[in-house]
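>>> Pasted the sequence and its predicted model underneath.
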Amino acid sequence: PRAAPDAGARRRGGRLDGFGMIAELQRYFARGRVLGRDVASGDTFLVRGGLPGERVVVAMERVGRRREARVVEVLEPAPARVRSACAVFPRCRGCDLLHAARDEELRYKQLVLQEVLERHAGVVVAPPPVLHGQRGDHRLRTRLVFGTADGVGELAVEGGAEGRGTSCGALGMRAADGSVVSLRDCPANHPRLRAAVATLEPVIASLAAVSPAAASPATDASPATDAAPATDAAPDAAGRRLDPGDLVVELALGVDGLALVFEHRDDLETAAAFARALRDVPVVAATFAAIGSRQAGGPTTLHVGRWPRQHPVGAVELQEAVDAWTQPNPSVIDQAFTALLDGLDVSGQVVLDLTCGTGALALRAATTARHVIAADVNWSAVQSTRASADRLALANVETRGGKATAVLQRLVREGTAVDRVIINPMREPLGADAMELLCRLPATRLAYLAPAPQAAARDLARLLGEGWAWRSCHGVDLHPGTGHVMLLAILERDLAVR
């Protein structure tokens, strides 16, 4: 909290002692930022926490390798500014636009997509409609770090046998100063996720304060009766104090339970020790259907219990899988899948899903398509798609593994008659080689669902240069309150005029 400066302390333009610069905010930029101009020097910079048309006081700060300004006081607010319902906004950096009314947030996302398409794909379109849902209680999956808290959400933890004194631990997201903001009351998370974080935070903090030299290994004996386990529950295998500095906790809410995964950047054994200890905490065992441990980007190495069933997208229920991608906002992605399949008109067609993941979109297409080829570079995802197709008795689904270019080369070589193509990659474009191979297929309609519109625009520009034409597009607001927006683009071509 900071006291507002006296009115007499302000100067018309120029700097404000102790409060940084006075800036006028001009237009929206990427990641929920606004382009600001220092009224004294005329210098421009990106501002976090502002809205176009406002006059604000800003302070400069470093975010990673870049510098940007943040609003510390609003002198002349925009009509669309609202008071955030989140107690830790804007200190928590998970959301960017909670200070904007919902309609204004959606308008921002329309303008961002319009500019990205014009600048990077050479397509001039009206601001596209944005598929969206509610803002609040919408997230069914969250990924949090554990670390030292400072300010909001502090949790005192005794230092343990070595007399380290008192520290503060929180499960949440990192602030600009490196501390962790507790998200046990995050309004974006589903209430069950909030309850889970509130349970886990003190348990992990207690385990992190253990001195393993005085501890004994975890066993399957009868656990304690309250939420905080005995502090000798989770020593690591090497007898070191459990260091949660690089600990990541991922929670995913399924239809019939919660999944919990631990990751540690350098020490898999530490993550496993936390998971083993939490398995014996009654309140956790009663809440979570599964507990796992894995290295970042690596395979799951510890799995306890049954993984909860994913929320279905439409009428398709996917195969249970420990490492399956779970949608954070199923209601909105369901809207996106419906718009995509309607735009493609897959009924009776041969469909290629080039980046199928665990099959949510490919299997839904298979309910009306004549044949579906589901491919992905992740073999475990392909296996999950195969298992789901078999369980649903979808005999028209064919699965293939491999990079997009390798899959396309084989299809071209085999002369496969593909009518429709679906591309839903991660955050990188598929690239020029993949787009050139794709154009050799006889497909006449293509859907590109992109979590990173700027990257996708490079692929779309290549397709448009090879005879494809723009048909329609939507934005997809998968993460309300943030500056993120997905792009859904539908392209088509007439093979007779190739």
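All right, it came through fine. Numbering: from 1, shown residues only.
>>> switch to C-alpha atoms for all contacts and neighbour counts from now on
Noted.
>>> Show me where the stretch 101-250 of the chain dips below the pLDDT cut-off.
150-168, 209-245 (pLDDT under 70).
>>> Sketch out the helices for it, chain order is fine.
102-116, 191-208 (DSSP state H, counting those that start in this stretch).
>>> Redo these as TSV? Include mean neighbour count.
Output for the helices of the stretch 101-250 of the chain, formatted as TSV (neighbours: other CA atoms under 10 Å):
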stretch	mean neighbour count
helix 102-116	20
helix 191-208	21
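>>> Pull out the C-alpha coordinates of the lengthiest strand in the chain and format them as PDB.
As assigned by DSSP state E, the longest strand anywhere in the chain is strand 66-76. Below are the C-alpha coordinates for strand 66-76, written out as PDB (Å, rounded to 0.1, in the frame of the first residue of the first chain):
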ATOM      1  CA  ARG A  66      13.000  -6.100 -20.700                       C
ATOM      2  CA  ARG A  67      12.000  -2.900 -18.900                       C
ATOM      3  CA  GLU A  68       8.400  -1.800 -18.700                       C
ATOM      4  CA  ALA A  69       6.400   0.600 -16.600                       C
ATOM      5  CA  ARG A  70       3.600  -0.200 -14.200                       C
ATOM      6  CA  VAL A  71       0.800   2.100 -13.100                       C
ATOM      7  CA  VAL A  72       1.100   3.200  -9.500                       C
ATOM      8  CA  GLU A  73      -1.600   5.900  -9.500                       C
ATOM      9  CA  VAL A  74      -4.400   6.800 -12.000                       C
ATOM     10  CA  LEU A  75      -4.900  10.600 -12.400                       C
ATOM     11  CA  GLU A  76      -7.500  10.500 -15.100                       C
END
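>>> what helices or strands is that strand leaning on?
strand 44-48, strand 55-63 (3 or more CA pairs under 8 Å, 6 or more residues apart in numbering; DSSP states H and E).
>>> mind checking which of the helices of the stretch 101-250 of the chain is nearest L491?
helix 102-116 (16.2 Å; CA to CA).
>>> how far out from the middle of the chain is the closest one?
19 Å (CA atoms, centre = their mean, to the nearest Å).
>>> What are the contacting residues of that helix?
Helix 102-116 is contacted by residues 28-30, 32, 80, 97, 124-130, 135, 453-454, 457, 475, 477, 481, 483-485, 487 when judged by CA atoms under 8 Å, 6 or more residues apart in numbering.
>>> So Q335 versus H132, what's the distance?
Counting by CA to CA, to the nearest Å, the gap from Q335 to H132 is 8 Å.
>>> Comparing those two, which residue is more hemmed in?
Per other CA atoms under 10 Å, whichever of Q335 and H132 has more neighbours is H132, with 19 against 16.
>>> how far away is the more buried one from A176?
Counting by CA to CA, the gap between H132 and A176 amounts to 29 Å.
>>> so where's the stretch 301-450 of the chain uncertain?
301-306, 319-325.
>>> Spell out which residues sit in contact with L144, please.
With contact taken as CA under 8 Å, 6+ apart, L144 is in contact with 171-173, 248-250.
>>> Spatially, which two of those are the most separated?
Farthest pair in these, by CA to CA: M173 and E250, 11.9 Å.
>>> ok, how many other residues are close to A404?
For A404, using other CA under 10 Å, the count is 22.
>>> Ok, L341 next?
L341: 18 surrounding residues under other CA under 10 Å.
>>> which SS state does it fall under?
Secondary structure for L341, judged by DSSP: H, G, I helix; E, B strand; the rest coil, is helix.
>>> shared neighbours, Q335 and H132?
Residues touching both Q335 and H132 (CA under 8 Å, 6+ apart): none.
>>> any idea how far E428 lies from L260?
Distance from E428 to L260, counting by CA to CA: 28 Å.
>>> More neighbours: the two, which one.
Ranked by neighbour count (other CA under 10 Å), E428 and L260 place L260 first, with 23 against 15.
>>> what's the pLDDT at the more buried one?
If you check L260, the pLDDT there is 81.
>>> A strand includes it, no?
Yes - assessed by three-state DSSP, L260 belongs to a strand.
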